[in-house]
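S.K.: prediction below, plus the sequence it came from.
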Amino acid sequence: MADTQTAPTTVEVNDAVFCTHLKEVCTDCSFDGREENDGFFGFDFFDRDPIECPTSTQNKEGAYQCKKHGSAGCTQCYGWKKQITRARTAAKKAGRK
C-alpha cells in the first residue's frame, strides 16, 4: 500500500485556526496556521512567532471556550488580533520578514 499523507486536522477557536494540539505551529503534525490566521485578521503573512491558545475546553456544542472564563467568545483570552499584532511587531524588531 502506498504511503499517503493526509492534511492535518484543524480546530477553530474563536475564528483562529489551530491544530488539534491547539498550536498555531506544530511540529508533531506539520501544521502552520500563521498565514491563514494573518489573512483572516487582515494582515499580510509575515514570519512571526506563533500565537498561543490558552487552556481551553469544548462546550456541549463542540465550541472551544477558555477555561479561565468559560466563554467561547472571550476577548481577554482569545484576543488573537492583538496577539498577532504584538508578534508581528516583535518579529520586525528582530529583523525578520
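M.R.: Right, received. Where do you want to start?
S.K.: please count neighbours and contacts with C-alpha atoms only from this point.
M.R.: Will do.
S.K.: for residue 60, helix, strand, or coil?
M.R.: Under DSSP: H, G, I helix; E, B strand; the rest coil, the three-state class of residue 60 is coil.
S.K.: for residue 23, grab phi and psi.
M.R.: Main-chain torsions, residue 23, degrees, to the nearest 10: phi -120, psi 140.
S.K.: tell me how many other residues crowd it.
M.R.: 22 (other Cα atoms under 10 Å).
S.K.: same question for residue 60.
M.R.: A total of 7 residues lie near residue 60 under the criterion other Cα under 10 Å.
S.K.: next: residue 85.
M.R.: Neighbour tally, residue 85, other Cα under 10 Å: 16.
S.K.: element containing it, please.
M.R.: helix 80-93 (DSSP states H and E).
S.K.: and the contacts of that helix?
M.R.: Helix 80-93 is contacted by residues 16, 38, 41, 46, 47, 48, 49, 50, 51, 97 when judged by Cα atoms under 8 Å, 6 or more residues apart in numbering.
S.K.: doesn't the fifth one belong to a strand?
M.R.: No. Note on residue 47: no strand contains this position according to three-state DSSP, which reports coil.
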